[in-house]
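Trainee: quick one, structure for this:
(one chain, ligands or ions: 1)
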Amino acid sequence: MAKRNIILETDPILRKKSRDVTEFNEKLWQLLDDMAETMYSADGVGLAAVQVGVLRRVVLVDTGDRLYEVINPILVEQIGEQTGIEGCLSSPEEYGDVKRPMHVIVKALDRNGKEHEIVGEGLLARALCHEIDHLNGVLFKDLAIEMYEIDEPKKKSKRR
Ligand code: NI
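Mentor: Presented below is the predicted three-dimensional model:
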């Protein structure tokens, strides 16, 4: 495994649409392993392949219970609503309030190309939506109701 560089929001690649994964081979497994190392070492709860410069529909999510490897995801159900603070590894120290569904069902493939379904609630639903947005070139700031800058832990200052 190797840590990869996380691309920041100023890079136009983050606005591109990622393509489906068609080959489930060692190159994909290497990408998934590298993404996991990159995400965990940055203390993230999610990461999309485009954030390490790979325009493929691959995302990782781990909100604390387990690591989900989510390939070619389709959001098949969105129920309810939640508004809460959100951030992104590509926008360090910036946070915003974003409205998301409270409950989602995502159909996706695993690293071997096998189909599986993820039922996400609360933070997991939020993280899945955020990462799937990345695959379509959408950043959380596009959706934020209000943005914040957090300079130091526990201090939240309103930016605009
Ligand atoms: Ni993000």
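
Trainee: which parts of this structure are helices?
Mentor: 26-41, 123-135, 140-143 (DSSP state H).

Trainee: wait, which of those helices is closest to residue 70?
Mentor: Across the helices of the chain, residue 70 has its closest neighbour in helix 123-135 (7.1 Å, C-beta to C-beta). From N, CA and C alone the C-beta is placed, and that goes for glycine too.

Trainee: what sits up against stretch 53-65?
Mentor: 4-5, 7, 13, 16-21, 28, 31-32, 35-36, 39-40, 45-49, 67-73, 123-124, 127-128, 131-132, 134-135 (C-beta atoms under 8 Å, 6 or more residues apart in numbering).

Trainee: quick one: average pLDDT of it?
Mentor: For stretch 53-65, mean pLDDT rounds to 97.

Trainee: now do stretch 76-84
Mentor: 98.

Trainee: returning to what we had before: now, of the helices of the chain, which is deepest in the fold?
Mentor: Here the criterion is mean neighbour count by mean count of other C-beta atoms under 10 Å, and of the helices of the chain the winner is helix 123-135, at a mean of 23.

Trainee: packing partners of it?
Mentor: strand 46-48, strand 58-61, strand 68-79, strand 82-87, strand 94-100, strand 103-109, strand 115-121, helix 140-143 (3 or more C-beta pairs under 8 Å, 6 or more residues apart in numbering; DSSP states H and E).

Trainee: can you give me how far the last one is from the chain middle?
Mentor: Helix 140-143 has its average C-alpha position 13 Å from the chain's average C-alpha position, going by C-alpha atoms, centre = their mean, to the nearest Å.

Trainee: cool, and the third one?
Mentor: Offset of strand 68-79 from its chain centre (C-alpha atoms, centre = their mean): 11 Å.
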